[in-house]
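**Q** Provided below are the primary sequence and the corresponding predicted coordinates.
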Amino acid sequence: MLKIPLFKKRKSNEELLVIRFVLSQFGYKPQNVSFFIQALTHKSSLTDYEQLAANERLEFLGDSILDAVVASFVYHKYPEIDEGQLTKIKSRIVNRKSLSIIGERMGIRKHLIYSQGRSINLAGLEGNAFEALIGAIYLDGGFEKTQKVLQNTVFKKHLNLNKLLEEELDFKSALFIWCQRKKLALVFILSNEQIIEGKVVYEMSVQINQSIYGKGKGNSKKEAEQAAAKETLTLMGEI
C-alpha cells in the first residue's frame, strides 16, 4: 500500500531565505525552490564535475525570456514609435549595465553562492543572476506569470522609462509619447513647400487637438518634422 506522508518536508533555512527574497523583490512565491537556489549559484562555488548545477543555463533561458517580454512591453506601450527606436529602448533595458544595476538594487549579492576566495566582478554576477532568476520563474510558473512579474513588479520598481526615453528618442517620437500620455491627438501638417537655391525646403507644422503649435523647416519632411516637434516640446516646457 502506498504511504502518503502526513506532513510536508520542512524547508531549510537557506530555502526559506531564498523564498522570502524572491517574494519581496519579484512578488512571486517559488513552488520549486531548487530552481531559484540554482539561479543564485555561480560556477566558482562548484567543482568541475558540478558545473551544470551552476546558474549559466538558467541565465541563458532568462535572457531569452526577458528579451521577449521587454520587446512585447515596449511594442504595446509605444505604438507610435518605429522599429529603430523600439530597438534602442529595448537595448537600454536589457543591456549588461542596466541588468547589473537592477541586480544591485535588489540586493542579489547578499544571496549569491560563489567562491569568495576568488577575485570576481560582483556587479556582473548580480546581472547574470537576475537573468537566471527570470529563467527560474519561467520554469516554475510559466511565461504568462513571468511576464506579469516583470511588468507589474520589476519594471515599475527598477526602471525609469521616462528617463530612458529622454536619452534615446528623437523629438518626434518624444512628442508622440507626450501626447499619448495626455490623450491628445497629434498630427504633422505640411504647411509650405518651396525651392530655394535649387533645393526643396519643407515646412511642417504640429497640430495638437486641432490647434497649431511648433513649426520647423528642413530639406526633407522628416527633418522638418523633427524641427517642428522640438519647437513644440520647447513651447510645452518639456525640453
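**A** Cool, the structure landed.

**Q** Going by C-alpha atoms from here, please, whenever you check contacts or count neighbours.
**A** Noted.

**Q** quick one: least confident helix or strand in this structure?
**A** Ranked by mean pLDDT, DSSP states H and E, the helix or strand of the chain with the weakest confidence is helix 161-168, at a mean of 68.

**Q** downstream neighbour of it in the secondary structure list?
**A** Downstream of helix 161-168, the next assigned helix or strand under DSSP states H and E is helix 171-181.

**Q** For that following helix, what is the distance to the chain centroid?
**A** Its chain's C-alpha centre and that of helix 171-181 lie 19 Å apart, by Cα atoms, centre = their mean, to the nearest Å.

**Q** could I get it in PDB with only the CA atoms?
**A** The C-alpha coordinates for helix 171-181 follow below in PDB (Å, rounded to 0.1, in the frame of the first residue of the first chain):
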ATOM      1  CA  PHE A 171      12.000  64.800 -30.800                       C
ATOM      2  CA  LYS A 172       9.100  63.500 -33.000                       C
ATOM      3  CA  SER A 173       8.900  60.200 -31.000                       C
ATOM      4  CA  ALA A 174       9.200  62.100 -27.700                       C
ATOM      5  CA  LEU A 175       6.300  64.300 -28.700                       C
ATOM      6  CA  PHE A 176       4.200  61.400 -29.800                       C
ATOM      7  CA  ILE A 177       4.700  59.800 -26.400                       C
ATOM      8  CA  TRP A 178       3.900  63.100 -24.600                       C
ATOM      9  CA  CYS A 179       0.600  63.400 -26.500                       C
ATOM     10  CA  GLN A 180      -0.200  59.800 -26.000                       C
ATOM     11  CA  ARG A 181       0.300  60.100 -22.200                       C
END
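
**Q** Mind checking what helix or strand follows it in sequence?
**A** With elements assigned by DSSP H and E, the helix or strand that comes after helix 171-181 is strand 186-196.

**Q** where exactly do the helices run in the protein?
**A** 13-26, 33-39, 56-77, 83-94, 96-106, 122-141, 143-149, 155-158, 161-168, 171-181, 221-235 (DSSP state H).

**Q** Now do the second one: distance to the chain's middle.
**A** Here the centre of helix 33-39 is set off from its chain's centre by 23 Å, with Cα atoms, centre = their mean.

**Q** Which strands and helices lie in contact with that helix?
**A** If contacts are counted by 3 or more Cα pairs under 8 Å, 6 or more residues apart in numbering; DSSP states H and E, helix 33-39 sits against helix 13-26, helix 56-77, helix 122-141.

**Q** switch the cut-off to 6 Å
**A** Counting contacts by 3 or more Cα pairs under 6 Å, 6 or more residues apart in numbering; DSSP states H and E, helix 33-39 packs against helix 122-141.

**Q** what's the answer for the third one, then?
**A** If contacts are counted by 3+ Cα pairs under 6 Å, 6+ apart, helix 56-77 sits against helix 122-141.

**Q** For the helix it packs on, output the C-alpha coordinates as PDB.
**A** C-alpha atoms of helix 122-141 as PDB (Å, rounded to 0.1, in the frame of the first residue of the first chain):
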ATOM      1  CA  LEU A 122      30.100  41.000  -8.200                       C
ATOM      2  CA  ALA A 123      28.100  43.600 -10.300                       C
ATOM      3  CA  GLY A 124      28.400  41.300 -13.300                       C
ATOM      4  CA  LEU A 125      27.400  38.300 -11.200                       C
ATOM      5  CA  GLU A 126      24.300  40.100 -10.000                       C
ATOM      6  CA  GLY A 127      23.200  40.900 -13.500                       C
ATOM      7  CA  ASN A 128      23.700  37.300 -14.600                       C
ATOM      8  CA  ALA A 129      21.900  36.000 -11.500                       C
ATOM      9  CA  PHE A 130      19.000  38.400 -12.200                       C
ATOM     10  CA  GLU A 131      18.600  36.800 -15.700                       C
ATOM     11  CA  ALA A 132      18.900  33.300 -14.100                       C
ATOM     12  CA  LEU A 133      16.100  34.200 -11.700                       C
ATOM     13  CA  ILE A 134      13.900  35.200 -14.600                       C
ATOM     14  CA  GLY A 135      14.700  31.800 -16.100                       C
ATOM     15  CA  ALA A 136      13.800  30.100 -12.700                       C
ATOM     16  CA  ILE A 137      10.400  32.000 -12.600                       C
ATOM     17  CA  TYR A 138       9.700  30.800 -16.100                       C
ATOM     18  CA  LEU A 139      10.400  27.200 -15.300                       C
ATOM     19  CA  ASP A 140       8.500  27.400 -12.000                       C
ATOM     20  CA  GLY A 141       5.400  29.400 -13.200                       C
END
